[in-house]
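Undergrad: Sequence plus the predicted model coming up.
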Amino acid sequence: MEYLIIIEKGTKNYSAYSPDVLGCIATGKTIEKTISEMKEALEFHLEDAENLPEAKGLKYHLDNGLELSKDDLVTNAKVEINEKV
């Protein structure tokens with residue numbers, strides 16, 4: 001599944017979050033490291049979830065109040081999650 005992630009530039013690093021998975025964040029010294037850490041954080045956060053959050057995409061979130069700054073980066077993170085049977 002692919003989840004939208006937003007990457008914000010800090011003073012000494014980057015931070016990322018997914019508006020689809022509340023409370024899941026990651027940081028890194030580079031954009032690439034931040035994306036990698038966010039992918040890992042999403043997989044860890046969701047591995048025991050009863051119900052996986054729906055990946056809604058950027059348009060949905062913009063239409064529902066997500067505000068981005070001109071410096072924010074937007075991408076998707078493909079995560080491997082073993083769904084419970």
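TA: On my side now, so go ahead.

Undergrad: Below-threshold pLDDT in the protein: ranges please.
TA: In the predicted model, the chain carries pLDDT under 70 at residues 83-85.

Undergrad: let's see it at 80
TA: Low-confidence regions of the chain, defined by pLDDT under 80, span residues 81-85.

Undergrad: Please save the CA atoms from the longest strand belonging to it in CSV.
TA: Once the chain is assigned using DSSP state E, the strand that runs over the most residues is strand 2-9. What follows is strand 2-9, C-alpha atoms only, in CSV (Å, rounded to 0.1, in the frame of the first residue of the first chain):
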residue,chain,number,x,y,z
GLU,A,2,1.2,3.5,-0.7
TYR,A,3,0.7,6.3,1.8
LEU,A,4,1.1,10.0,1.2
ILE,A,5,3.9,11.6,3.2
ILE,A,6,4.7,15.2,3.8
ILE,A,7,8.3,16.2,4.4
GLU,A,8,9.1,19.5,6.2
LYS,A,9,12.5,21.2,6.4
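
Undergrad: strands paired with it, and their directions?
TA: strand 14-17 (antiparallel), strand 73-78 (antiparallel) (DSSP bridges).

Undergrad: where along this structure do the helices fall?
TA: In chain order, the chain shows helices spanning 31-46, 58-63, with DSSP state H as the criterion.
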